[in-house]
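[1] sequence and computational prediction follow.
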Amino acid sequence: MSQSYNRGTVEDFGRWRDFSAGMWAWIFHKFTGWVLVGYLFTHIAVLSTALGTADLYTSTISGLEALLIVRFLEVGLLAVAVFHILNGIRLLMVDLGVGLESQDKSFYASLLLTGAIVVASVPTFLGGALV
Ligand code: HEM
């Protein structure tokens, strides 16, 4: 027998207050997955400048890296990528039936590890921009 649930209306955005850890994990995974797809296009566009002269590629890269906003976006990209990878590995483990009893804990561990890696990366990403 299938069961039906009253999930409320789509417009009822206030429901986010009741979201469980699993719901946040699902939202973050979707968000980060699609941000990575979006970044792929940017990445290809920037790398495509290498099809022109070597000077064009070098000036594109150094021009971008000279912008502080780009350095911040790189930190954000790392956060998105690391979370997607860690949470993705966690999901694959869940699919294999590993750690079913501690899914919330492993989600929080993914968040903490992502935070630690991102914080550790800040000197590298922002260092060059601030000198
Ligand atoms: C080691 C790297 C990665 C791992 C382990 C990983 C893992 C996963 C897993 C397990 C899912 C399915 C989640 C589910 O069960 O619903 C997923 C979804 C997805 N991933 Fe990844 N992924 C990785 C890299 C990437 C990259 C590089 C991109 C983009 C270029 C990407 C984009 C997406 C998208 C768009 C989805 C679907 C999101 C949705 O539900 O709408 N992933 N990933």
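    Alright, I've got the coordinates.
[2] could I get the full set of helices for this protein?
    Taking DSSP state H to define them, one finds helices in the chain at 21-48, 54-65, 68-95, 103-130.
[3] is the third one anywhere near the ligand?
    Yes. Using CB under 6 Å from any ligand atom, helix 68-95 reaches the ligand at 84-85, 88-89, 91-92. C-beta coordinates here come from the backbone N, C-alpha and C atoms, glycine included.
[4] top of those by neighbour count?
    H84 (21 neighbours; other CB atoms under 10 Å).
[5] tell me the contacts of that residue?
    Listed by CB atoms under 8 Å, 6 or more residues apart in numbering, the contact set of H84 reads 29, 32-33, 36.
[6] next, format these as CSV and append neighbour count and pLDDT.
    Listed next are these as CSV, based on neighbours: other CB atoms under 10 Å; pLDDT from 0 to 100:
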residue, neighbour count, pLDDT
H29, 18, 98
T32, 21, 98
G33, 14, 98
L36, 15, 98
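[7] of the residues you listed, closest to A120?
    If you rank those by distance to A120 using CB to CB, T32 comes first, at 18.9 Å.
[8] name the nearest residue to that closest one, sequence neighbours excluded.
    H84 (4.0 Å; CB to CB, 6 or more residues apart in numbering).
[9] can you lay out the contacts of H84 as JSON lines showing distance to G22?
    As requested, the contacts of H84 are exported to JSON lines (distance: CB to CB, whole Å):
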{"residue": "H29", "distance to G22": "10"}
{"residue": "T32", "distance to G22": "16"}
{"residue": "G33", "distance to G22": "16"}
{"residue": "L36", "distance to G22": "21"}
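[10] which two in the residues you listed are spaced the farthest apart?
    H29 and L36 (10.7 Å).
[11] can you name the residues of this structure that neighbour the ligand?
    Going by CB under 6 Å from any ligand atom, the residues of the chain near the ligand are 29-30, 33-34, 36-37, 40, 84-85, 88-89, 91-92.
[12] done for today, thanks.
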